[in-house]
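In: Predicted model and sequence below, questions to follow.
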Amino acid sequence: MRTEPLAPACYTGIYPGRADQLHHVRQAVARHLAGCPAADDAVLILSEFAANAIVHSASRGKFFTVRAEFYPRLPLGRSRRPWRPLALQAARRPPARP
């Protein structure tokens, strides 16, 4: 059986240091992790980190950066295929024939 290493799903976003940006952080991370079984947890955690950056750091009124690396793991459920970020899935597809 041939296995290949799984690359991390990296996300980086720069946002204005305002509370109204938390919604945008959540949307971007959820979109990046579409189909990942742990997406809800990751969105919650990053949302909390972003809120803390706005409230408790010099980012308030300026900018803050969200950077996260998600390392896929083999699932324990029925599926034998590990989750891959959509960008990696698209990169592995062969080009469409005319």
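Out: Here it is on my side, so go on. Only a predicted model underlies this, so the values are computations on that prediction, with no experimental measurement involved.
In: Tell me where this protein has strands.
Out: 9-16, 63-70 (DSSP state E).
In: Just put those strands in CSV and tack on mean neighbour count and mean pLDDT.
Out: Placement of C-beta: from N, CA and C, glycine included. Output for the strands of the chain, formatted as CSV (neighbours: other CB atoms under 10 Å; pLDDT from 0 to 100):
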stretch, mean neighbour count, mean pLDDT
strand 9-16, 15, 89
strand 63-70, 15, 87
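In: Rebuild the ones you listed as a markdown table, extending it with distance to P37.
Out: As requested, the strands of the chain are exported to a markdown table (distance: least, CB to CB, whole Å):
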| stretch | distance to P37 |
| --- | --- |
| strand 9-16 | 13 |
| strand 63-70 | 11 |
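In: isn't A19 right up against A53?
Out: No - between A19 and A53 there is no contact under CB atoms under 8 Å: 10.9 Å.
In: quick one: low-confidence ranges for the protein?
Out: By pLDDT under 70, the weakly predicted segments of the chain are 1-8, 72-98.
In: Could you list the buried residues of the longest helix seen in it?
Out: For the chain, the longest helix by residue count, based on DSSP state H, is helix 39-56. Buried residues in helix 39-56, counted by 16 or more other CB atoms under 10 Å: 39, 42-43, 46-47, 50, 53-54.
In: State the distance from K62 to V55.
Out: 13 Å (CB to CB, to the nearest Å).
In: wait, what's in contact with A53?
Out: For A53, the contacting residues are 17, 59, 64, by CB atoms under 8 Å, 6 or more residues apart in numbering.
In: ditto for C10
Out: C10 is in contact with 67-70, counting by CB under 8 Å, 6+ apart.
In: quick one, which of the strands of the chain is nearest to H32?
Out: For H32, the closest of those is strand 9-16, at 4.7 Å, according to CB to CB.
In: Let me know the angle separating that closest one from helix 39-56.
Out: In terms of direction (axes from the mean of the first three to the mean of the last three CA atoms, to 10 degrees), strand 9-16 departs from helix 39-56 by 30 degrees.
In: Walk me through which strands strand 9-16 pairs with, and which way each runs.
Out: For strand 9-16, the pairing partners within the sheet under DSSP bridges are strand 63-70 (antiparallel).
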